[in-house]
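Asks: Sequence and predicted model, in that order:
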Amino acid sequence: MGLSPPAEHPGRADGAVNGAEPEGAMVAVRDLTKRFSAGRRDGVLAVDSVSFEVAAGASLGVVGESGSGKSTLARCLLHLIEPTSGEAIIDGVALRGLAPRHLRRQRRQLQLVPQDSHAALDPRMSVRQIVEEPLVVHGERNASVRLAAVEEMLDLVGLEDSLVARRPAALSGGQRQRVSIARSLILKPRLVVLDEPVSALDVCVQAQIVNLLKSLQRTLGTTYVVILHDLALARYLCDDVAVMHRGRIVEHRPAASIIEDACHPYTRSLIDAIP
């Protein structure tokens, strides 16, 4: 039995707050702002009035140095933290203001591939338990259905069935990242946010994982938002690139032209840093 189809939109039938994003946009972010108090009267402005759109099945790379606000933007996008103002509309549903039960159902469509798979995977759980956990959390009670879905997803990410009983400590870095990707994709989400998905890997393994992500996107039609610090990698992996600096998007253009036609001085400084 194959993976289950995407869940219905929870907000449309149940009275959730709906957006009016342009047709074809999976993600529509409007004036998103996040300010942390940090014990100061004016706080720290981590994300400052950011707006962008990502078409369904496309990929956006958000590029910037550490402290530029890109990881905070990703957490606001997934509603892991509440934005100070503005909104993120995902597949027509505005996440801000959703009732908890509606937000829980919507989270099936929103998944995260964290940066550090070693820290993100429970060392006490086997590969099978890790990958099938989202199915358990979201109510799939049939063990045979879960096992079939896990086997199919492990095959998609290039992991052998013989690994299902192993724990994370017995896996290589590349294998752990494939497990992390499989766990995030097992529910067939509409949007996946990838936080520096290859930064902790060796160069040769990075290439394998990047090519895997591109292949999975073609197969599953998933929309990606990819947090990166490497502009050259963003150009290869993504359709569009948004350059973030001091909490704002300073340049947003097609990935194919970002290096040749960069306009902002900060973007040009990132280009100069490419080996």
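Replies: Good, I have the coordinates.
Asks: Relative to Asp202, how far out is Asp42?
Replies: Using CB to CB, to the nearest Å, Asp42 is found at 43 Å from Asp202. C-beta here means a position set from N, CA and C on the backbone, and glycine is covered the same way.
Asks: try Gly221
Replies: Distance from Gly221 to Asp202, by CB to CB: 30 Å.
Asks: try Asp91
Replies: 36 Å.
Asks: Equivalent analysis for Leu147, please.
Replies: Distance from Leu147 to Asp202, by CB to CB: 32 Å.
Asks: From the neighbour counts alone, determine which of those two ranks first.
Replies: Leu147 (15 against 12; other CB atoms under 10 Å).
Asks: what secondary structure does the more buried one sit in?
Replies: helix (DSSP: H, G, I helix; E, B strand; the rest coil).
Asks: Quick check on the closest residue to Pro168 other than its chain neighbours: phi, psi?
Replies: Closest residue to Pro168 apart from its sequence neighbours, by CB to CB, 6 or more residues apart in numbering: Leu121 at 4.3 Å. Phi and psi for Leu121, reported as degrees, to the nearest 10, are phi -100, psi 130.
Asks: residues in contact with Leu121?
Replies: 130, 168, 176, 179-180 (CB atoms under 8 Å, 6 or more residues apart in numbering).
Asks: Look up the pLDDT of it for me, please.
Replies: Leu121 is assigned 93 on the pLDDT scale.
Asks: Settle this for me: Gln206 is touching Glu196, isn't it.
Replies: No - assessed by CB atoms under 8 Å, Gln206 is found out of contact with Glu196, at 10.9 Å.
Asks: can you give me the helices in the stretch 151-275 of the chain?
Replies: For the stretch 151-275 of the chain, the helices defined by DSSP state H, counting those that start in this stretch cover 173-185, 203-220, 231-237, 265-272.
Asks: List the buried residues of the first one.
Replies: I take that to be helix 173-185. 174-185 (16 or more other CB atoms under 10 Å).
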